[in-house]
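Novice: quick one, structure for this:
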Amino acid sequence: MQAMTLRGARAKVGMTQKELAQKLNMAQSYISQIEQGKRQVNVSLAKKLAKIFNTDYRVFL
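Specialist: Numbers count the residues shown, from 1 in each chain. Below is the predicted model:
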């Protein structure tokens, strides 16, 4: 569920994994792993994503 949410949020605004990774100052591979369900989003990252995508952070948890 969370992986689709992040991928969907990126697609909605036309942002690549690389662009998102740069905004978050992290590796593109980390974003990819989240989207593949290999990593979980913690509250801190969820809040950063919420600011970028102008939404509630809980949608990424």
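
Novice: list the contacts for Leu24?
Specialist: Counting by C-beta atoms under 8 Å, 6 or more residues apart in numbering, Leu24 touches 31, 45, 48-49, 52. Just so you know, the C-beta spots here come from the backbone N, C-alpha and C atoms, and that holds for glycine as well.

Novice: what do you get for Leu20?
Specialist: Leu20 is in contact with 10, 31, 52, counting by C-beta under 8 Å, 6+ apart.

Novice: same thing but at 7 Å, please
Specialist: Contacts for Leu20 (C-beta atoms under 7 Å, 6 or more residues apart in numbering) come out as 10, 31.

Novice: in PDB, list the C-alpha atoms belonging to the one helix or strand it maps to.
Specialist: Per DSSP states H and E, Leu20 falls inside helix 17-24. Extracted in PDB, the C-alpha atoms of helix 17-24 (Å, rounded to 0.1, in the frame of the first residue of the first chain):
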ATOM      1  CA  GLN A  17      12.800   8.900  -8.300                       C
ATOM      2  CA  LYS A  18      16.000  10.700  -8.900                       C
ATOM      3  CA  GLU A  19      14.400  14.100  -8.400                       C
ATOM      4  CA  LEU A  20      12.700  13.000  -5.200                       C
ATOM      5  CA  ALA A  21      15.900  11.600  -3.900                       C
ATOM      6  CA  GLN A  22      17.700  14.900  -4.500                       C
ATOM      7  CA  LYS A  23      14.900  16.800  -2.700                       C
ATOM      8  CA  LEU A  24      15.300  14.400   0.200                       C
END
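
Novice: now that helix: buried residues?
Specialist: Residues of helix 17-24 classed as buried by neighbour count (16 or more other C-beta atoms under 10 Å): 17, 20-21.

Novice: nearest to Gly37, of these?
Specialist: Among the buried residues of helix 17-24, Gln17 lies closest to Gly37 (C-beta to C-beta), at 14.6 Å.

Novice: the residue lying closest to Tyr57 once chain neighbours are set aside and Val41: what is the separation?
Specialist: Counting by C-beta to C-beta, 6 or more residues apart in numbering, Tyr57 lies nearest to Ala50, which is 3.8 Å off, once chain neighbours are set aside. Separation of Ala50 from Val41 (C-beta to C-beta, to the nearest Å): 10 Å.
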